[in-house]
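Visitor: One predicted model, sequence on top.
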Amino acid sequence: MDALIAEFTPATTLPWQVIVVRLAAATLLGGFLGFERELADRPAGLRTHMLVCLASAVFAVIAQEIVAMPVFGGEQVRADPIRLVEAITAGVAFLAAGFIIFKRGAVRGLTTGAGMWLAAATGVAAGLGLWLVAVLACALGALVLALMRRLETRLAFKPPRHRPAETEGDDG
């Protein structure tokens with residue numbers, strides 16, 4: 001019976017605590033990136049960025065585990081971890097493209113799409129345990145999103161955010 005259970009629950013090479021920390025960190029870092037998008041009232045906000053980052057981390061952990069599994073260790077099986085990055089990039093690009101629209105002569109959603117792409121890259125870094133890369137990518141991405149929006153508004157490149165709740169005559 002134990003052999004049957006072991007067959008359906010292969011042991012991971014990474015300790016479960018490491019997996020938990022990597023996935024939790026990816027979710028948190030994705031939240032930091034999505035928070036600014038949420039403040040900007042964009043359709044892909046906090047939850048979307050958190051899920052993209054978490055999913056990317058899950059794929060990165062899975063890739064590490066696949067490479068270490070004895071069943072994939074033979075000569076006939078070759079594992080190329082770079083293909084994982086390509087697959088995640090293609091998948092997230094497909095999602096991000098859904099947010100990019102051309103409306104009335106203007107392109108919208110590019111920053112949200114780029115943010116999702118960065119969330120995916122951050123997730124892969126966290127999933128692989130590349131903490132410095134993950135944290136720096138998240139911090140720099142959040143900085144770009146928050147500070148550049150303010151700078152663009154101040155320099156009048158972009159109008160200030162329009163929040164319907166603030167403009168509907170509720171003066172108090």
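Guide: It's in.
Visitor: Show the average pLDDT along the helix or strand where Val92 lies.
Guide: Element membership for Val92, per DSSP states H and E: helix 81-97. Across helix 81-97, the average pLDDT comes to 84.
Visitor: Can you show me the CA trace of that helix as CSV?
Guide: This file holds the C-alpha atoms of helix 81-97, laid out as CSV (Å, rounded to 0.1, in the frame of the first residue of the first chain):
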residue,chain,number,x,y,z
PRO,A,81,14.6,24.6,-18.7
ILE,A,82,14.8,27.5,-21.2
ARG,A,83,11.7,26.1,-22.9
LEU,A,84,9.8,26.9,-19.7
VAL,A,85,10.6,30.6,-20.0
GLU,A,86,9.6,30.6,-23.6
ALA,A,87,6.3,28.9,-22.8
ILE,A,88,5.5,31.3,-20.0
THR,A,89,6.5,34.3,-22.1
ALA,A,90,4.2,33.1,-24.9
GLY,A,91,1.3,32.4,-22.5
VAL,A,92,1.5,35.7,-20.7
ALA,A,93,2.0,37.6,-24.0
PHE,A,94,-1.3,36.1,-25.1
LEU,A,95,-3.0,37.3,-21.9
ALA,A,96,-1.4,40.7,-22.0
ALA,A,97,-2.4,41.2,-25.7
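Visitor: how about that helix: buried residues?
Guide: 84-85, 88, 92, 95-96 (16 or more other CB atoms under 10 Å). Where you see a C-beta, it was placed from the backbone N, CA and C, and this is true even at glycine.
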